[in-house]
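when you get a sec, could you give me coordinates for this:
(2 chains)
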Amino acid sequence: MMTYIVFILSIVFVMSFVGFATKPSPIYGGLVLIISGGIGCAIVLNFGGSFLGLMVFLIYLGGMLVVFGYTTAMATEQYPEVWVSNKAVLAAFITGLLSELLTACYILKDGEVEVVLKFNGMGDWVIYDTGDSGFFSEEAMGIAALYSYGTWLVVVTGWSLLIGVLVIMEVTRGN
Amino acid sequence: MKPPILIIIMATIMTGTMIVMLSSHWLLIWIGFEMNMLAIIPILMKKYNPRAMEASTKYFLTQATASMLLMMGVTINLLYSGQWVISKISNPIASIMMTTALTMKLGLSPFHFWVPEVTQGITLMSGMILLTWQKIAPMSILYQISPSINTNLLMLMALTSVLVGGWGGLNQTQLRKIMAYSSIAHMGWMAAIITYNPTMMVLNLTLYILMTLSTFMLFMLNSSTTTLSLSHMWNKFPLITSMILILMLSLGGLPPLSGFIPKWMIIQELTKNNMIIIPTLMAITALLNLYFYLRLTYSTALTMFPSTNNMKMKWQFEYTKKATLLPPLIITSTMLL
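Residues are numbered from 1 along each chain as shown, chains lettered A, B, ... in the order given. Below you'll find the model as predicted:
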């Protein structure tokens, strides 16, 4: 099972995305985001990026989603919309799940699937061996490079985040 | 908006476009687009009325979707070419996605529906920034990937944009919507020539920006947003009415004014590539554009609407509005030929 773990996780990833793409109330969207964040973290972990996966858990789920959950809980209505309460949402949810299952079945049967791009077999998605990664983990080297060669990227990203905060403040000022 | 925050936001808008233009890594280009889009939202929402909120929301939604499409194109390019450098895009799917995303950002048809509504909901100054500065970044990326753009797709978009820009502006009296449809039509002219001779696109962009800046500044001088208030300008600023006359004729592309330069060059380049019907169609539908510019000049400078006698004399106060760089702008946008 461990060879196919990334494939299975990717299928469940897409299905959880369907869960919040069908637009239930934001509280339930946040719930599904937690699940999909956790699965995304597991996919990253399986490719050897232990630091980045745990970063997803810590910052994304533990920081941003918590704040999102609190603010949504403050602004929620008395009977929030679930997947089963509204026929449109339920239909979209079932359609999404069924299409994903169908795609997965096609892949398992033929070995390759072509929707827009050629997804040739599970070669990219299956971990046959852990690979020879030398003395240093590639992922840790990438993160280190962000702070040595990629200083400009850090500056730009930091500035964008600051601008994001300032813009939100400006937009919600309201007078 | 307090001055410090306004300075920071304006600086970020300029930085975003600069990053887009100066980067060779697709990720940084995408970051530049996002920075630009985020920072211009408060500029669009300067006045806190529901119309401006709606306009900013529409702008944000369309631009965010376009950025997502661009990211998908970048990822597909990464999958098939293995590198992040902006250069010839060998995979046609990636190239089509990027072209679609960039034309969504520009407001080319069939993604033009947001342009009139957003331009109408915001102030004249914000509209000026929207229609001039925001066009520079996507155009620079189209210039850089121009060898790999699918000509059929872009030419179809360009042709329908010129048609939509001409026909859509015919029934408008609001000046901001007229300028929005004018922008759609001019973007169509620019997009038509990118795959053949990208330098002409830069020429058209430069002249279009000069002319649109001058037009918006003249409108701002009078604080007029409708044709009706423009038609009262002969009383307040008689000099500006003649300026509007030549500027509108230049926008319409009449020789010997400088608005004719890009049209002439584009038609010449297209005919050099053995395309006869398309430039003919574009030139014919540019006449629709010329019609509503002429209608503006007619009501502004060439006739006096019937009015009571005491409206004909106005106490001429001194101007207090500052028109930065207006004379050189007007001269360059009309006298270059």
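
mind checking the longest helix of chain B?
The residue-count maximum for a helix in chain B (DSSP state H) belongs to helix B:50-81.

report the buried residues of that one.
B:52-53, B:55-56, B:58-60, B:62-63, B:66-67, B:69-74, B:76-77 (16 or more other CB atoms under 10 Å in any protein chain shown). All C-beta spots, glycine's among them, are computed from the backbone N, C-alpha and C.

mind listing what the residue in chain B that chain A sits nearest to touches?
Per CB to the nearest CB, the residue of chain B with the smallest distance to chain A is residue B:42, at 4.1 Å. Applying CB atoms under 8 Å, 6 or more residues apart in numbering or on different chains to residue B:42 gives the contacts A:167, A:170, A:171, B:1, B:9.

element containing the closest residue to it other than its chain neighbours?
Leaving aside its sequence neighbours, residue B:42 sits nearest to residue A:170 (CB to CB, 6 or more residues apart in numbering or on different chains; 4.1 Å). Secondary structure assignment for residue A:170, by DSSP states H and E: helix A:151-171.

ok, residues contacting that helix?
Helix A:151-171 is contacted by residues A:146-147, B:1, B:5, B:8-9, B:12, B:15, B:19, B:27-28, B:31, B:34-35, B:38-39, B:41-42, B:45, B:56 when judged by CB under 8 Å, 6+ apart.

may I see the buried residues of it?
Result for helix A:151-171 [16+ other CB under 10 Å]: buried residues A:153, A:156, A:159, A:160, A:163, A:166, A:167, A:170, A:171.

which helices and strands sit right next to the lowest-mean-pLDDT helix or strand in chain B?
Within chain B, no helix or strand scores below helix B:326-335, which has a mean of 72 by mean pLDDT, DSSP states H and E. Applying 3 or more CB pairs under 8 Å, 6 or more residues apart in numbering or on different chains; DSSP states H and E, we find helix B:326-335 packed against helix B:198-222, helix B:238-252.

counting neighbours, what do you get for the nearest residue to residue B:258 once chain neighbours are set aside?
Setting aside the residues directly before and after it, residue B:258 is nearest to residue B:336 in space (CB to CB, 6+ apart), at 3.5 Å. A total of 15 residues lie near residue B:336 under the criterion other CB atoms under 10 Å in any protein chain shown.

surely residue B:219 meets residue B:175?
Yes - counting by CB atoms under 8 Å, residue B:175 is a contact partner of residue B:219 at 5.8 Å.

shared neighbours, those two?
Taking CB under 8 Å, 6+ apart as the criterion, residue B:219 and residue B:175 both touch B:225, B:230.

closest to residue B:197 out of the buried residues of helix A:151-171?
The shortest approach to residue B:197 among those belongs to residue A:156, at 32.9 Å (CB to CB).

distance of that closest one relative to residue B:4?
Counting by CB to CB, to the nearest Å, the gap from residue A:156 to residue B:4 is 21 Å.

just the buried members of the contacts of helix A:151-171?
Buried among the contacts of helix A:151-171 by 16+ other CB under 10 Å: B:8-9, B:12, B:15, B:19, B:28, B:31, B:34-35, B:38-39, B:41-42, B:45, B:56.

helices - which of those residues land there?
B:8-9, B:12, B:15, B:19, B:28, B:31, B:34-35, B:38-39, B:41-42, B:56.

ok, how many other residues are close to residue 20?
You didn't say which chain, so I picked chain A. Per other CB under 10 Å, the neighbour tally for residue A:20 reads 19.

my question was about chain B
Other residues close to residue B:20 by other CB under 10 Å number 23.

ok, now which ones touch the nearest residue to it once chain neighbours are set aside?
Spatial nearest neighbour of residue B:20, excluding adjacent residues (CB to CB, 6+ apart): residue B:32 at 3.7 Å. Going by CB under 8 Å, 6+ apart, residue B:32 touches B:15, B:16, B:17, B:18, B:19, B:20, B:21, B:23, B:137.

got any ranges where chain A has weak pLDDT?
Within chain A, the ranges that satisfy pLDDT under 70 run A:110-133.

can you check which helix is longest in it?
Max-length helix for chain A by DSSP H is helix A:87-110.

how far does that one sit from its chain's centre?
18 Å (CA atoms, centre = their mean, to the nearest Å).

now for that helix, which elements pack on it?
Using 3+ CB pairs under 8 Å, 6+ apart, helix A:87-110 sits against helix A:5-21, strand A:113-114.

can I get it as CSV, trimmed to CA atoms?
Extracted in CSV, the C-alpha atoms of helix A:87-110 (Å, rounded to 0.1, in the frame of the first residue of the first chain):
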residue,chain,number,x,y,z
LYS,A,87,-30.2,20.2,-3.4
ALA,A,88,-27.9,22.2,-5.6
VAL,A,89,-25.0,21.8,-3.2
LEU,A,90,-25.7,18.1,-2.8
ALA,A,91,-25.9,17.5,-6.5
ALA,A,92,-22.6,19.4,-7.1
PHE,A,93,-20.9,17.4,-4.4
ILE,A,94,-22.1,14.1,-5.7
THR,A,95,-21.1,15.1,-9.3
GLY,A,96,-17.7,16.0,-8.2
LEU,A,97,-17.1,12.9,-6.2
LEU,A,98,-18.4,10.7,-9.0
SER,A,99,-16.2,12.3,-11.6
GLU,A,100,-13.2,11.9,-9.5
LEU,A,101,-14.0,8.2,-8.8
LEU,A,102,-14.5,7.7,-12.5
THR,A,103,-11.1,9.2,-13.3
ALA,A,104,-9.5,7.1,-10.7
CYS,A,105,-11.1,4.0,-12.1
TYR,A,106,-9.9,4.9,-15.6
ILE,A,107,-6.4,5.3,-14.4
LEU,A,108,-6.5,1.9,-12.5
LYS,A,109,-7.9,0.2,-15.6
ASP,A,110,-5.8,1.5,-18.4
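
sec struct for residue B:1, please.
coil (DSSP: H, G, I helix; E, B strand; the rest coil).

give me the residue from chain A nearest chain B.
Counting by CB to the nearest CB, chain A gets nearest to chain B through residue A:170 (4.1 Å).

quick check: which element contains the nearest residue to residue B:66 once chain neighbours are set aside?
In this structure, residue B:66 finds its nearest non-sequential neighbour in residue B:104, 3.8 Å apart by CB to CB, 6+ apart. Taking DSSP H and E as the criterion, residue B:104 maps to helix B:92-106.

so that helix versus helix B:50-81, what angle?
160 degrees (axes from the mean of the first three to the mean of the last three CA atoms, to 10 degrees).

and helix B:92-106, how far out from the chain middle?
Centroid separation for helix B:92-106 versus its chain: 18 Å, with CA atoms, centre = their mean.

hang on, the earlier thing: using PDB, write out every CA atom in the helix holding residue A:170.
In PDB, the C-alpha atoms belonging to helix A:151-171 read as follows (Å, rounded to 0.1, in the frame of the first residue of the first chain):
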ATOM      1  CA  THR A 151      16.800  36.900  -0.900                       C
ATOM      2  CA  TRP A 152      14.900  39.000  -3.400                       C
ATOM      3  CA  LEU A 153      12.100  36.500  -3.400                       C
ATOM      4  CA  VAL A 154      11.800  36.700   0.400                       C
ATOM      5  CA  VAL A 155      11.800  40.500   0.200                       C
ATOM      6  CA  VAL A 156       9.100  40.600  -2.500                       C
ATOM      7  CA  THR A 157       7.000  38.000  -0.700                       C
ATOM      8  CA  GLY A 158       7.300  39.800   2.600                       C
ATOM      9  CA  TRP A 159       6.300  43.100   1.000                       C
ATOM     10  CA  SER A 160       3.300  41.500  -0.600                       C
ATOM     11  CA  LEU A 161       2.100  40.100   2.700                       C
ATOM     12  CA  LEU A 162       2.500  43.500   4.300                       C
ATOM     13  CA  ILE A 163       0.600  45.100   1.500                       C
ATOM     14  CA  GLY A 164      -2.100  42.400   1.900                       C
ATOM     15  CA  VAL A 165      -2.600  43.500   5.500                       C
ATOM     16  CA  LEU A 166      -2.600  47.200   4.600                       C
ATOM     17  CA  VAL A 167      -5.000  46.700   1.800                       C
ATOM     18  CA  ILE A 168      -7.400  44.800   4.000                       C
ATOM     19  CA  MET A 169      -7.200  47.500   6.600                       C
ATOM     20  CA  GLU A 170      -7.900  50.200   4.000                       C
ATOM     21  CA  VAL A 171     -10.800  48.300   2.400                       C
END
